[in-house]
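Visitor: Please work out how this folds:
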Amino acid sequence: MKIDLTFSVTNIDELQLREKNVVVIDVLRSSTTVATALYNGAREIIPVPSIESAVKISGSLFGDVTLRGGERGGKMIQGFNLGNSPLEYNEATVRGKSIIYCTTNGSLAMAKSRYARSMVVAAFVNLSMVTEFLAQLNDDVVILCAGNSTVANGFSLEDVVCGGMIVRKLSEAKNVSLDLSDSALAAQSLYKSFGRSVVKMLKNSTHGKYLAGIGYDNDIAFSAKVDSVPVLPALNGNVIKIRKEEQRVAEPEPGPVAKPNE
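Guide: Model (predicted):
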């Protein structure tokens, strides 16, 4: 099982991902938010690469069952219904809704994976679900870290550490033999260095500091809760849904998942 890992979506062309098995990671916050929205009953997520695409698509859908969610600069886009905080995507707001989703890095990575053989969305909150799927798949995988387009090299510590945690857990799976690229080996090493305290790592990351500075401390704490949102978001045509075999465990249970003011 060959595993490659990219540090940023910036220099990736969608044709490079054609017929590949892809794992998209954008811990802060797109991957976490997509998992949370689907866990809380959203019908589907429609990832788009630009605001213009979001406006165009929403014009052809029914307004009462469609929401527009996303961000620019970490803040909700003007005219959209939701931003990019997972805490906004609670059951009362998203159940039964289709969500047109546009973010700076995460939705771009998802949209670029549209020609993939399979694509799943990973974060710390659903990490074991993703790892179990990959172990069962037992096929070559590209881990696509969305990265941070606001920095020169596009590198995002939290995404790479999450990718490294996936690699580490796969290495412990039975009947799985790994062939790691240099970048996948580097990600695994970073996980060993920073994985003991996910929340501390997120708080100290460049984007974590930025989000805290604009008032999203609670999002950081939520995004650090490993396996707290047990769903497997997967590409289905041009939309992202929960894989059918995972829908049973995805039924929301009473408890503090993505409730406001936590």
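
Visitor: Can you point out the buried residues in the longest helix along the chain?
Guide: In the chain, with assignment by DSSP state H, the single longest helix is helix 157-171. Neighbour counts over helix 157-171 (16 or more other C-beta atoms under 10 Å) mark 157-170 as buried. In this view, the C-beta of every residue, glycine as well, is placed from N, C-alpha and C.

Visitor: By mean pLDDT, flag the weakest helix or strand of the protein.
Guide: Taking mean pLDDT, DSSP states H and E as the measure, helix 51-58 is the helix or strand of the chain with the lowest mean score, a mean of 89.

Visitor: just to revisit the earlier point, the helix or strand following the longest helix of the chain pairs with which strands?
Guide: For helix 157-171, the following helix or strand on the C-terminal side (DSSP states H and E) is strand 179-180. Here strand 179-180 is paired, per DSSP bridges, with strand 2-6 (parallel).

Visitor: Spatially nearest residue to the residue nearest the centre of the chain, not counting backbone neighbours?
Guide: In the chain, the residue lying closest to the centroid (C-alpha atoms, centre = their mean) is Ser31, at 1.7 Å. Take Ser31 and drop its neighbours on the chain: the residue closest to it by C-beta to C-beta, 6 or more residues apart in numbering is Ala123, 3.8 Å away.

Visitor: Ignoring the adjacent residues along the chain, who's closest to Cys145?
Guide: Computed as C-beta to C-beta, 6+ apart, the closest residue to Cys145 that is not its neighbour in sequence is Asp159, at 3.7 Å.

Visitor: neighbours of Gly96, just the number please.
Guide: The number of residues packed near Gly96 is 9, by other C-beta atoms under 10 Å.

Visitor: Now do the SS call for it.
Guide: At Gly96 the chain is in coil, as set by DSSP: H, G, I helix; E, B strand; the rest coil.

Visitor: And Ile100, by the same measure?
Guide: strand.

Visitor: ok, now which ones touch it?
Guide: Neighbouring residues of Ile100 by C-beta atoms under 8 Å, 6 or more residues apart in numbering: Ile46, Val48, Ala54, Ile57, Ser58, Leu61, Thr66, Leu67, Arg68, Gly69.

Visitor: out of the residues you listed, which are buried?
Guide: Burial by neighbour count, judged by 16+ other C-beta under 10 Å, picks out Ile46, Val48, Ala54, Ile57, Ser58, Thr66, Leu67, Arg68, Gly69 from the contacts of Ile100.

Visitor: Got the phi and psi for the last one?
Guide: What it means is Gly69. phi -130, psi 150 (degrees, to the nearest 10).

Visitor: ok, it to Met76 distance?
Guide: 8 Å (C-beta to C-beta, to the nearest Å).

Visitor: got any residues that touch both of the two?
Guide: Contacts common to Gly69 and Met76, judged by C-beta under 8 Å, 6+ apart, are Leu82, Gly83, Asn84.

Visitor: Secondary structure element holding the residue nearest to the centre of the chain?
Guide: Counting by DSSP H and E, Ser31 is part of helix 30-39.

Visitor: And for Gly70?
Guide: strand 66-72.

Visitor: by contact count, what packs against the least confident helix or strand of the chain?
Guide: strand 66-72, strand 98-102 (3 or more C-beta pairs under 8 Å, 6 or more residues apart in numbering; DSSP states H and E).
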